[in-house]
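**Student:** Quick one, fold the following:
(one chain, ligands or ions: 2)
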Amino acid sequence: MTEETYRKLWKLKLEHLNLESYGFPRSHPDHPTRAVLGFSQRPRPQQEPRASESSGSEPEVLSGQSSRICTRCGVAFKLDKQSRPQRQICRYHPYQTTYKKKFRCCGRRENARESPCKTARQHVHSYFPPEALENFRPTRNNASQAKRIYALKCAHVYTEKGTEVASVSLVDAFCSVVYETKVRPESKILDCDTEISGLRRRDLENVQKKLQDVIEDLNALIGPKTILVGFRLQRDLTSLRMIHENVVEITVLYPHKWAPRRTNSLYFLRRTFLSWENIQAPLKSREEAITAMKLALHRL
Ligand SMILES: [Zn+2]
Ligand SMILES: [Zn+2]
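**Tutor:** Ligands and ions are numbered 1, 2, ... in the order given. Predicted structure coming up:
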C-alpha cells in the first residue's frame, strides 16, 4: 500500500453526517461510551443501505418484551419466560430476490404460491436491546497512529439473545490477513445461518475466544488514522462496540442502479466489477473482507 492509495481512499470515506444517516454507531453527546445509532432517530438519505440478504438487517432497537419478528420470514413469534424464542417452524428464503424478482437461492418467483425453499426448526430475531448501546469505544482514543487501510468483516449467528458475532476477519490492502478469529457466542446458538455466515455448529464447538477479547485485540490494531473498508460495516462496528470515523462503505461506493433504497449484494458486485474473481478463504468473513477491499481499490 502506498501513501497515494491511502490518500485516494481517504477521499472516498463517508462524511460525518453520512455516518449518522447510514446508521453507524456515533458517540452520545453527553456520554462518550454510549452509542447512538443514527438510523432510527434521523431522516435518511436516498441511498440508505438496506438488507440485501436475510441476516443482513440492521439491529432492531425495540422495547418489546414477549414477542419478536422473525428476521428471516417476517412472522411474529413469542418468547418463553426466559426470553428464549419458542420453537416454531420457520420457512424462508436464505437469499433475497434478484432484479428479475426471483429468489437467488431457488429461482422461485417473489409472488409464487409455493412455500419458501428452506425450513428451519425455529424463528430467529436480530433484536438489539437499548442497554446494548452502552460500553462503546471510540477508536480516536486508541494508541495506534499508523495510516493503515483495513477491510473488516464479521459473520454472525443466531442465538437466544438475537444475533452474535461468530467470526471476525481483518485484511490489509494486499488482502493479507492481519487478524482473524472465530468467536464464542455468549448464549446458546439457535441457528448458524450457514448460507450467510459460512459457519456450522461444529466449527464453533471448541472456540474459546470471547467477543470482549476480540474487541481488545482489534482496538490495538485500529487507531484514529486507520481507514476501515466494509460491506454494511455499520452492523459489524455495532457488534464490535466500536465508534470509528474513517469508513469506506461499499454499499455507498456502489449504489443500486434502479432502486436507491436497496443495496447490491456482495455476490452481485463481485460478479459485475471483479469479473467473478475466485476468492477462496477458509472463513466467509475473510472472503467478504477481501471482496470489500478489492471493490474499494477498484474504485480508485
Ligand atoms: Zn429460496
Ligand atoms: Zn421465521
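
**Student:** Going by C-alpha atoms from here, please, whenever you check contacts or count neighbours.
**Tutor:** Fine.

**Student:** what residues are up against the residue of the chain positioned farthest from its centre?
**Tutor:** Each residue of the chain has a distance to the centre, and by CA atoms, centre = their mean the biggest one is for Arg113: 31.1 Å. Going by CA atoms under 8 Å, 6 or more residues apart in numbering, Arg113 touches no other residue.

**Student:** Same question for it, what's its three-state structure.
**Tutor:** Under DSSP: H, G, I helix; E, B strand; the rest coil, the three-state class of Arg113 is coil.

**Student:** Just the pLDDT for it.
**Tutor:** pLDDT recorded at Arg113 is 79.

**Student:** List of residues touching the helix or strand harbouring Thr272?
**Tutor:** Element membership of Thr272 [criterion: DSSP states H and E] is helix 266-273. Residues outside helix 266-273 that contact it (CA under 8 Å, 6+ apart) are Phe231, Tyr254, Trp276, Glu277, Glu288, Thr291, Ala292, Leu295, His298.

**Student:** what does stretch 168-178 give?
**Tutor:** Outside stretch 168-178, the residues touching it (CA under 8 Å, 6+ apart) are 1, 148-155, 179-183, 285-286, 289-290, 293-294.

**Student:** Stretch 124-141 now?
**Tutor:** Taking CA under 8 Å, 6+ apart as the rule, stretch 124-141 contacts 27, 32-36, 57-63, 68-72, 85, 158-159, 161-163, 190-191, 219, 222-224, 241-245.

**Student:** Lys147 - how many residues pack around it?
**Tutor:** 14 (other CA atoms under 10 Å).

**Student:** Please read the previous query as pertaining to Leu152.
**Tutor:** 27.

**Student:** tell me which residues form a beta bridge with it?
**Tutor:** Counting by DSSP bridges, Leu152 is bridged to Leu170.

**Student:** Return the residues in contact with it.
**Tutor:** Contacts of Leu152 by CA under 8 Å, 6+ apart are Val168, Ser169, Leu170, Val171, Leu228, Val229, Gly230, Leu233, Asp236, Ala289.

**Student:** Leaving out the residues flanking it, which one is nearest to the second one?
**Tutor:** Translated: Ser169. Distances taken as CA to CA, 6 or more residues apart in numbering place Glu180 nearest to Ser169, at 4.4 Å, with adjacent residues excluded.

**Student:** now the strands: where do they sit in the stretch 151-300 of the chain?
**Tutor:** Remark: strands assigned in the stretch 151-300 of the chain by DSSP state E, counting those that start in this stretch are 162-172, 177-182, 189-191, 227-230, 242-243, 247-249.

**Student:** Let's have the ones you listed in TSV, adding mean neighbour count.
**Tutor:** Below are the strands of the stretch 151-300 of the chain laid out as TSV (neighbours: other CA atoms under 10 Å):
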stretch	mean neighbour count
strand 162-172	24
strand 177-182	18
strand 189-191	19
strand 227-230	27
strand 242-243	24
strand 247-249	26
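
**Student:** Quick check: pLDDT value at the nearest residue to Gln86 once chain neighbours are set aside.
**Tutor:** Once flanking residues are discounted, Gln86 sits nearest to Leu79: 5.4 Å by CA to CA, 6+ apart. Leu79 is assigned 89 on the pLDDT scale.

**Student:** thought Leu79 was touching Cys70?
**Tutor:** No - the pair Leu79 / Cys70 is not scored as a contact, 11.4 Å apart, by CA atoms under 8 Å.

**Student:** Have a look at those two and say which one is more surrounded.
**Tutor:** Cys70 (19 against 15).

**Student:** My guess is that one contacts Phe77. True?
**Tutor:** Yes - here Cys70 lies in contact with Phe77, judged by CA under 8 Å, at a distance of 7.0 Å.
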